[in-house]
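# have a look; sequence and predicted model below, questions after that.
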Amino acid sequence: INSSYGSNYGDIVLQQYAVSLSGLLKKNEFIFRIGGDNFVILLNKKHEEHFREQAACINISIFINKITETLQIFSRCGIYEIQKNDTIREVLDYTSMALKSSYNSISGDSIKFEKSMHESILQTTRILSDFHRALGVNEFVVFYQPKVNIETNTLCGAEALVRWIKNGKIIPPSEFISVLEK
């Protein structure tokens, strides 16, 4: 939260937002601020949908420099349904993965964790880690695909295609190009 009103402005907004969220909680539900503008909220599954609907309507009124400002708060959520034997680290990691996915989503501001998110992040991490090593050991090879003028049946150029050859196998470009582009 950035503002020309000063650094305390963001803190005031976050505090009031937390109070507003707390007011939506039922018995045995909890809210924790884990840093910045990130909160963890532990909800009963039966209350989740109603909570999200109510949280989407939160407005904050702030009195600054003799003026009252009303702010509509927009939030994104990463949702994870806690499983038996989950560690706190796993719960936070999975929730964080879902939250990061919500920033790339056009389907909504609340995204539920799916196992594929974890697998995707692990694959991305493997590719990035292997990429630096692969550069050092020349696993990237350029192949030239000829371009032919079909009217004259003559060579008119070539397209350079990079291939990653790891342990004698070609890694399909679809598995690494998009990761490296990001």
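Received, thanks.

# C-alpha only now, for contacts and for neighbours.
Noted.

# where does pLDDT dip in the chain?
1-8, 63-65, 105-108 (pLDDT under 70).

# how about the helices of it, start to end?
Secondary structure of the chain (DSSP state H): helices at 7-22, 48-55, 88-103, 115-136, 173-181.

# so what touches the shortest one?
It stands for helix 48-55. 21, 24, 25 (CA atoms under 8 Å, 6 or more residues apart in numbering).

# looking at this structure, which residue ends up farthest from its center?
In the chain, residue 152 marks the outermost C-alpha relative to the chain mean, sitting 51.0 Å out by CA atoms, centre = their mean.

# possible to save the contacts of helix 48-55 as CSV with distance to residue 167 and neighbour count?
Output for those, formatted as CSV (distance: CA to CA, whole Å; neighbours: other CA atoms under 10 Å):
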residue, distance to residue 167, neighbour count
21, 53, 19
24, 55, 14
25, 54, 18
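
# pick the one among those residues closest to residue 165.
residue 21 (51.9 Å; CA to CA).

# give me the nearest residue to the closest one, chain neighbours excluded.
For residue 21, ignoring the flanking residues on the chain, the nearest one in space by CA to CA, 6 or more residues apart in numbering is residue 55 at 6.6 Å.

# with residue 82 instead?
Nearest to residue 82 is residue 91, by CA to CA, 6+ apart, at 6.7 Å.

# how close does the one you found get to residue 38?
The gap separating residue 91 from residue 38 is 14 Å, by CA to CA, to the nearest Å.

# kindly report the same for residue 11.
12 Å.

# how about residue 138?
42 Å.

# comparing those two, which shows the higher neighbour count?
residue 38 (14 against 11; other CA atoms under 10 Å).

# pairing partners for the more buried one in the sheet, please.
residue 35 (DSSP bridges).

# quick one: it and residue 20, what's the gap?
15 Å.

# now what about the longest strand anywhere in the chain, what contacts it?
The longest strand of the chain (DSSP state E) is strand 154-166. With contact meaning CA under 8 Å, 6+ apart, strand 154-166 is reached by 134, 139-149, 170-173.

# how about that strand as CSV, C-alpha atoms only?
Extracted in CSV, the C-alpha atoms of strand 154-166 (Å, rounded to 0.1, in the frame of the first residue of the first chain):
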residue,chain,number,x,y,z
THR,A,154,16.1,-23.1,-53.7
LEU,A,155,17.4,-22.5,-50.2
CYS,A,156,16.5,-19.0,-49.1
GLY,A,157,17.5,-19.2,-45.4
ALA,A,158,17.5,-21.2,-42.2
GLU,A,159,15.7,-21.1,-38.9
ALA,A,160,17.9,-21.7,-35.8
LEU,A,161,16.4,-24.1,-33.3
VAL,A,162,17.9,-24.7,-29.9
ARG,A,163,17.7,-28.2,-28.5
TRP,A,164,18.6,-29.2,-25.0
ILE,A,165,20.2,-32.6,-25.0
LYS,A,166,20.5,-34.0,-21.5
